[in-house]
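Undergrad: Structure for this input, please:
(one chain, ligands or ions: 1)
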Amino acid sequence: MTEALLGPVEVRELAERLGVSPTKKLGQNFVIDPNTVRKIVRLAGVEQGDSVIEIGPGLGSLTLGITEVGADVTAIEIDARLAAELPNTVRAMQPNASDRFRVIHTDALDLADHHLATLDANPTALVANLPYNVSVPILMHLLELIPELERGLVMVQAEVGYRIAAGPGSKEYGSPSAKAAWYGDWSIAGNVSRRIFWPVPGVDSVLVKFAKRSTPLGSETERARTFELVNAAFAQRRKMLRQALLPVLGQARTVETIESAGVAPTARAEQLSIDDFLAIARCEK
Ligand code: SAM
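TA: Residues are numbered from 1 along each chain as shown. From the prediction side, this is the model:
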């Protein structure tokens, strides 16, 4: 059964009809393979009745995979032409899904409570083929904005995916890894061939899976302060913490605060888990 999804011919025809030439600036590489779409939806664990947020629906390749299983989709698209056409595509391809689908035309980085207030309830799952150059800021913004998100499956540039899923001590570990870990577990769920996109991108992609923590690591105030420490530590990642954290903890207290958190002041950012950063934030007087 592929007729309810977009294949290579439909994607190109649709783009041509709309006069859309994909732009690199907006990371417009559209999925042209229904098998990949169904794999993403399966790995995301999306089922009938789920409420999904999709960032960058584009021509609707992934959107139709999500509506196909009976889930609700709220799609956030920055490109006015694509946002305007999407309801028509859903209606034409899956007439029964129209009332389970809505599109919000905005930059995902500007998505705010007033947009979400128009929904019956906040989405609990995120499924997206994210635009390459803003994938991490978009993820961070959504995780902060929508605490109801329980799980997700995102397609990102391979390098970025490995960075998000990395743990302390690995060479990919950085501030995106530490911050992502605040919210939950991240793992690589698979590789994606470049050939399933049109146009074919110049980089490899991976699927990254997210599962929210069962209990939050800390309060919102603690999160904000912990992220300040993460930013400062990784801004000078080759320096020891006693040096790198000086701008945020102050000359008088830096070593004492780090030590009372049970962390060595001589450690470097890449050795610390998000729990270590939180412990330091909690030891501030
Ligand atoms: N989901 C579609 C698919 O898989 O074929 C398209 C994915 S394409 C990689 C990324 C999409 O994100 C494009 O439709 C692009 O216009 C949109 N986009 C880029 N930047 C965005 C932003 N800041 N906010 C919302 N959408 C954005």
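
Undergrad: What parts of the stretch 1-150 of the chain come near the ligand?
TA: Applying Cβ under 6 Å from any ligand atom, we find that the stretch 1-150 of the chain lies next to the ligand at 26-31, 55-58, 61-62, 76-79, 82, 107-109, 129, 131, 134. To be clear about C-beta, it is placed using only N, CA and C from the backbone, and glycine gets the same treatment.

Undergrad: now do 5 Å
TA: Residues of the stretch 1-150 of the chain lying close to the ligand (Cβ under 5 Å from any ligand atom) are 26-31, 56, 58, 61-62, 78-79, 107-108, 129, 131.

Undergrad: what does the helix or strand where residue 140 lies contact?
TA: Using DSSP states H and E, residue 140 sits within helix 135-145. Applying Cβ atoms under 8 Å, 6 or more residues apart in numbering, the external contacts of helix 135-145 come out as 53, 55, 108-109, 111-113, 116, 126, 130-131, 149, 154, 156-157, 160, 163-164, 176, 179-180, 183.

Undergrad: what's next to stretch 248-256, contact-wise?
TA: Residues contacting stretch 248-256 (Cβ under 8 Å, 6+ apart): 228-229, 232, 241-242, 245-246, 257-258, 265, 280, 284-285.

Undergrad: ok, and the closest non-adjacent residue to residue 127?
TA: Distances taken as Cβ to Cβ, 6 or more residues apart in numbering put residue 44 closest to residue 127, at 4.9 Å, once the chain neighbours are dropped.

Undergrad: hang on, that neighbour packs against residue 155?
TA: No. In this structure residue 44 lies outside contact range of residue 155 using Cβ atoms under 8 Å: 10.5 Å.

Undergrad: which of the residues of the stretch 1-150 of the chain next to the ligand count as buried?
TA: 26-31, 56, 58, 61-62, 78-79, 108, 129, 131 (16 or more other Cβ atoms under 10 Å).
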